[in-house]
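1. coordinates for the following, if possible.
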Amino acid sequence: MNKRESILRFHPSSLIPHLSIARALRGDVSAASVLRETWRRGRVALESRRERARLKRASGVAATDASARLRPEFAALSPTQLLAHFRTRRAPRFPPGLETPAERLSPLWWREFFPGESEQLVARAHHISDAHRWPLLGFGELELGTEINWLRDPSSGACWSLEYHGDVKLWRGDGSDVRVLWELNRLAHLLTLGQAYALTGDEKFSGEFFRQLAGWRTQNPTGCGPNWACAMEVALRAVNLLAAFQLFLPSTQLDEANLRMLLATFDEHGQHVRRHLEFSHLATSNHYLSDIAGLLWLGLLLPELVDARGWREFARREMLREMDKQILADGADAESSTGYHRFVLELLLYSFTLCRANDVEIEDRYWRKLRRMLEYTRAYLRPDRRAPLVGDTDGGQFLPLRKRAADDHAYVLAIGAAVLQEPHLKLADDPPAELGWLLGAEGLRAYQSVRRAAAPPPSAAFADAGSYILRDGDLYLHFNACGAGLGGRGSHGHNDKLSVQVFAHGVSFIADPGTFVYTADLRARHLFRSTAYHSTVEVDETEQNTTREAEPFVIGDEARPRVLRWETTAERDFVLAEHDGYHSLREPITHRRAILFDKRAKFWLVEDALTGAGTHTFRFRFHAAPRVIARARPDAIVELRDPETNARLLIVPLDAREVPAIEPRSASSDYGSQHETHSACWAIRARAPLLAAWALVPLAGDEDENTSTRLIEELRETRKREAA
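-> Down below sits the predicted model:
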């Protein structure tokens, strides 16, 4: 057998439109697209000059003087009549769980079906009202002060000025993080106040809502400052405020003046998003999808506004067109990121639910594609129902009815199970709180009527996504062969090609490091997405794809991984892939990795073939998950051990005899959080071609290691015979 084939039997992509054409031309771009993009940018520049002039003329107008542009029949109503109209209208319809009190789940139902949830939610709302404290991303609870400064990054204390939004410098090199500022200004915590009000009727929460919104408007005049610098953020804020508006509709605090303020806010947000769509003929991403989702929700739920119909029709058409572009045939989001897959899945599932509630037709083929998105999510979840972190994971949520950790994706499946009546999407009998808020009593009954599928998912291949899951029972390995994302123009992809993540016996042993931060620390940004921070092979300290520290949302597409073979049976799984990320070296190297999963013997075999010429330094790394203890033994085996259960994963070199280094590393489970961890690294200086293999042997906490010792000896003997 040939040794090369041997195996033992931030701001993310919306910044692309603002890059120079030369820097934005990554991936396959037609000449026609370049011409259209050049023309579009010229038109945007002209509109920007006009907008500056408009804002300068309006600079003396107070936020309280602004009015929404209403259709004539509603503009003719008195303020009292207009308020009565909103309180009594029967159409349009919000998602059922956010509808009128008669149609929402009652507090009694909440206590029965979501024990403890309502008490916790109300406690959080009191904390927001009384102490101006609430959790933000991975930073934990942050205190915002008596008077909230909406232009201050609460993680660093840095403040932004109220210059024209197009002039705002987002990357400042002073430790500030506009992603954190934007998360604060999505105003999701006001949705928490609305939920608490719906459960208690306590006007304290409505009073706080209107005070904070009025303060926000005073500090953030339309078009000025960082909170208008990204249309996605404006759109997400509008959706959160729409849901809060519906929940506070019965409140005595919602008087004519506050209604006027809310309608003006919605109209300003819709106009701003429509003028500043994050569209490019070169690439569109979750940012543009968020823009059009915001317009869809505003257009559907506020038909009283002059532009509502245009927003609604445009957004529905564009959302489906973008779904064709951005969702791959196998159901994965095109950005090479499980975190952004969750975000886009939420956005589409919630928006489709809104359309269904309002009899807005969505063709069956788009519902089928949404189903494939859910099925992809179901397939990649580990046995503990947590997601492997692949690519950027900034914890963003669309309409965050409940704050979720970055690797918590299972709740979206529960909503999908109720909406689509799909048993294999139902992972537990207890519904998540989001289901109650989004689908109400009817949705809860629909969820209860779905019989949960008993069988766990099998091994699965998603060729378009480059995602391969080799699993059996409680044993799980995720193999990543994804590209840079967005057709080679990726901004959220990492240098993680041919990397693995391993879960066994209830423990995550080998994991992706996550994201940590975007622009607050550019060095850390690139460390967390570097080749050296992933469980793959690094050659001569070279990145698989080109990155530059000054460009935190640009990554090259040199690696172009491809899967050469995939097989799955009841006894074994096998995947073989390679990439060209090291072809830029003076003496190019191709990395080919094969993984065999023996389901009966319960181990994985990883074989790396480095082909080419010349002498190189090859580093083979396995990145331990947080909490796992990594120890290099004298026999060169690395033991990863869970201190609570004593479950272990043995990483066994079948060729190398050197004791590996245990390198200090970091991991980030949520944006902004950081935990110490370690990476096992075998550094080998050798001439190519080089062949090296590793056995990954999981052991339960009470399992005798003698069994694994015999297996390891057999594997090493077989390896010697093959080498001979």
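2. tell me the contacts of residue 351?
-> For residue 351, the contact set (C-beta atoms under 8 Å, 6 or more residues apart in numbering) comprises 293, 296, 297, 319. Just so you know, the C-beta spots here come from the backbone N, C-alpha and C atoms, and that holds for glycine as well.
3. go again with 6 Å.
-> Residues in contact with residue 351 (C-beta atoms under 6 Å, 6 or more residues apart in numbering) are 293, 296.
4. and it, how far from residue 319?
-> Distance of residue 351 to residue 319, computed by C-beta to C-beta, to the nearest Å: 7 Å.
5. which secondary element of this structure has the worst mean pLDDT?
-> When each helix and strand of the chain is scored by mean pLDDT, DSSP states H and E, helix 21-24 comes last, with a mean of 48.
6. what ranges of the protein fall below the confidence cut-off?
-> Applying pLDDT under 70 to the chain picks out residues 1-28, 60-64, 102-103, 724.
7. residue 544 - how many residues pack around it?
-> When neighbours are defined as other C-beta atoms under 10 Å, residue 544 has 31 of them.
8. cool, the one 5 residues further on as well?
-> Summarising burial for residue 549: neighbours were counted as other C-beta under 10 Å, giving 9.
9. how close does residue 209 sit to residue 257?
-> Relative to residue 257, and taking C-beta to C-beta, residue 209 is found at 14 Å.
10. ugh, wrong one, residue 603
-> In this view, residue 603 and residue 257 are 69 Å apart by C-beta to C-beta.
11. more crowded one of the two?
-> Legend: neighbour count by other C-beta under 10 Å for residue 603 and residue 257, higher for residue 603 (22 against 13).
12. nearest residue to residue 207 other than its sequence neighbours?
-> Using C-beta to C-beta, 6 or more residues apart in numbering and skipping the chain neighbours, the partner closest in space to residue 207 is residue 253 (5.4 Å).
13. distance between the top strand by length along the chain and the chain's centre?
-> Looking across the chain with DSSP state E, the single longest strand is strand 675-687. Taking C-alpha atoms, centre = their mean, to the nearest Å, one finds the center of strand 675-687 at 28 Å from the center of the full chain.
14. so what pairs up with residue 572 in the strands?
-> Assessed by DSSP bridges, residue 572 has beta-bridge partners residue 598.
15. how many residues are close by it?
-> Residue 572: 18 neighbours (other C-beta under 10 Å).
16. quick one: contacts for residue 205?
-> Contact analysis of residue 205 by C-beta under 6 Å, 6+ apart lists 125, 193, 196, 197.
17. can you name the next helix or strand after the one helix or strand it maps to?
-> Per DSSP states H and E: residue 205 is located in helix 203-219. Moving toward the C-terminus from helix 203-219, the next helix or strand (DSSP H and E) is helix 231-247.
18. by contact count, what packs against that following helix?
-> helix 188-200, helix 256-275, helix 286-301 (3 or more C-beta pairs under 6 Å, 6 or more residues apart in numbering; DSSP states H and E).
19. these into TSV, with extra columns for distance to residue 715?
-> Below are those laid out as TSV (distance: least, C-beta to C-beta, whole Å):
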stretch	distance to residue 715
helix 188-200	51
helix 256-275	58
helix 286-301	44
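20. quick one, helices of the stretch 501-650 of the chain?
-> 522-528 (DSSP state H, counting those that start in this stretch).
21. which residues are in contact with the most centrally placed residue in the chain?
-> In the chain, the centroid-proximal residue (C-alpha atoms, centre = their mean) is residue 339; its distance is 2.4 Å. Contacts here follow C-beta under 6 Å, 6+ apart; on that basis residue 339 touches 393, 406.
22. alpha carbons of the helix or strand where it lies, as CSV, please.
-> Element membership for residue 339, per DSSP H and E: helix 338-357. What follows is helix 338-357, C-alpha atoms only, in CSV (Å, rounded to 0.1, in the frame of the first residue of the first chain):
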residue,chain,number,x,y,z
THR,A,338,-21.8,27.7,13.2
GLY,A,339,-22.4,30.8,15.2
TYR,A,340,-23.6,32.8,12.2
HIS,A,341,-25.6,29.8,11.1
ARG,A,342,-27.5,29.9,14.3
PHE,A,343,-28.1,33.7,13.9
VAL,A,344,-29.3,33.4,10.3
LEU,A,345,-31.5,30.4,11.2
GLU,A,346,-33.2,32.4,13.9
LEU,A,347,-33.7,35.3,11.6
LEU,A,348,-35.3,33.2,8.8
LEU,A,349,-37.3,31.0,11.1
TYR,A,350,-38.8,33.9,13.1
SER,A,351,-39.4,35.9,10.0
PHE,A,352,-41.1,33.0,8.2
THR,A,353,-43.3,32.6,11.4
LEU,A,354,-44.2,36.2,11.2
CYS,A,355,-45.1,35.9,7.5
ARG,A,356,-47.3,32.8,8.2
ALA,A,357,-49.1,34.7,10.9
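23. chain center to it, what's the gap?
-> 12 Å.
24. from residue 93, how far out is the closest residue to residue 521 other than its chain neighbours?
-> Distances taken as C-beta to C-beta, 6+ apart place residue 175 nearest to residue 521, at 7.2 Å, with adjacent residues excluded. Counting by C-beta to C-beta, the separation of residue 175 from residue 93 is 45 Å.
25. these two: which is more packed in?
-> Taking other C-beta under 10 Å, residue 175 and residue 93 do not tie; residue 93 has more neighbours (18 against 14).
26. setting aside sequence neighbours, what's the nearest residue to the more buried one?
-> Using C-beta to C-beta, 6+ apart, the nearest residue to residue 93 is residue 357, at 4.4 Å.
27. just to check, residue 139 is in contact with residue 672?
-> Yes: between residue 139 and residue 672 there is a contact under C-beta atoms under 6 Å: 4.6 Å.
28. ok, the two, which is more surrounded?
-> The neighbour comparison of residue 139 against residue 672 (other C-beta under 10 Å) goes to residue 672, with 22 against 16.
29. quick one: contacts for that one?
-> 137, 138, 139.
30. can you list these in TSV and add distance to residue 543 and secondary structure?
-> Below are the contacts of residue 672 laid out as TSV (distance: C-beta to C-beta, whole Å; DSSP: H, G, I helix; E, B strand; the rest coil):
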residue	distance to residue 543	secondary structure
137	27	coil
138	26	coil
139	29	coil
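31. tell me which stretches of the stretch 301-450 of the chain form strands.
-> Assigned by DSSP state E, counting those that start in this stretch, the stretch 301-450 of the chain shows no strands.
32. strands of the stretch 551-700 of the chain, start to end?
-> Going by DSSP E, counting those that start in this stretch, the stretch 551-700 of the chain shows strands at 562-568, 572-582, 589-598, 603-612, 615-623, 629-632, 638-641, 648-653, 661-667, 675-687, 690-699.
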